[in-house]
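>>> here is a sequence together with a model predicted from it:
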Amino acid sequence: MDPMTSLKQGDQTAMDTIYKKHWEQVFDAAYKRVGTEDIAQDITQEIFISLWEKRETLEIRETLSSYLLTCVKYRVINYFKANLTKEKYTEDLYALIGNTSPLHPANELAVKEIHKELDQAIAELPERMRQIFSMSRKQEKTNNEISAELNLSIQTVKNQLTAALKIIRKRLAYLTLFFF
């Protein structure tokens, strides 16, 4: 009997066989995307736990290997969605966008798309938030200068910038999966 059929019947040995056969491939795929062993191990464990929990109702239309790699993809996306506030990814995105060195022609289209997405995300911010964000990032004004010019408290400026960055990070989070 094949391992998937045995797994559906609750055979723990079949689960062990599947785990041993596919663990390294799943871990490597997760690690390649998240770059951290601990997170990759967590994602790998979650996938195999989910496989066991859903074993009775699971319908795999492709190979088990393909199914597991698809699971990695979606678990990684969910991981990044849950961790949008991590400064590293935002800094990497801004570094990519702000890079003025000549780009390889294959990357030009990607950078244009990033600029377009960033501009659209900024345009969708509430008016006051957009104004403060623009003054800070495009005009390179300090929080004190923005506060004085708009007659707002410094804390209000900080709060507006924090909220704007949170919205922009959420909107652009999927880009980090492709570029970093």
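Thanks, I have it.
>>> use CA for all of it now, contacts and neighbours both
Fine.
>>> now the most centrally placed residue in the chain: how far from L172?
The centre of the chain sits closest to F80, judged by CA atoms, centre = their mean, with a distance of 3.2 Å. For F80, the distance to L172 equals 11 Å [CA to CA, to the nearest Å].
>>> returning to what we had before: skip the chain neighbours and tell me the closest residue to the residue nearest to the centre of the chain.
Closest residue to F80 apart from its sequence neighbours, by CA to CA, 6 or more residues apart in numbering: A173 at 7.0 Å.
>>> could I get the buried residue list for the host helix or strand of that neighbour?
For A173, the host element (DSSP states H and E) is helix 154-179. Under the neighbour-count criterion of 16 or more other CA atoms under 10 Å, helix 154-179 has 154, 157-158, 160-161, 164-165, 167-173, 175-176 buried.
>>> kindly report the same for stretch 142-151.
For stretch 142-151, by 16+ other CA under 10 Å, it's 143, 146-147.
>>> with only the CA atoms kept, save that stretch in PDB.
The C-alpha coordinates for stretch 142-151 follow below in PDB (Å, rounded to 0.1, in the frame of the first residue of the first chain):
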ATOM      1  CA  THR A 142      12.800  66.200  10.100                       C
ATOM      2  CA  ASN A 143       9.800  65.500  12.400                       C
ATOM      3  CA  ASN A 144      10.500  68.900  14.100                       C
ATOM      4  CA  GLU A 145      10.300  70.700  10.800                       C
ATOM      5  CA  ILE A 146       7.100  68.900   9.800                       C
ATOM      6  CA  SER A 147       5.600  69.600  13.200                       C
ATOM      7  CA  ALA A 148       6.400  73.300  13.000                       C
ATOM      8  CA  GLU A 149       5.200  73.700   9.400                       C
ATOM      9  CA  LEU A 150       1.900  71.900   9.900                       C
ATOM     10  CA  ASN A 151       1.300  73.200  13.500                       C
END
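>>> any regions of the protein where pLDDT drops low?
81-111, 174-180 (pLDDT under 70).
>>> before we move on, the earlier item: return the subset of the buried residues of stretch 142-151 lying in helices.
Judged by DSSP state H, the buried residues of stretch 142-151 include 143, 146-147 as members of helices.
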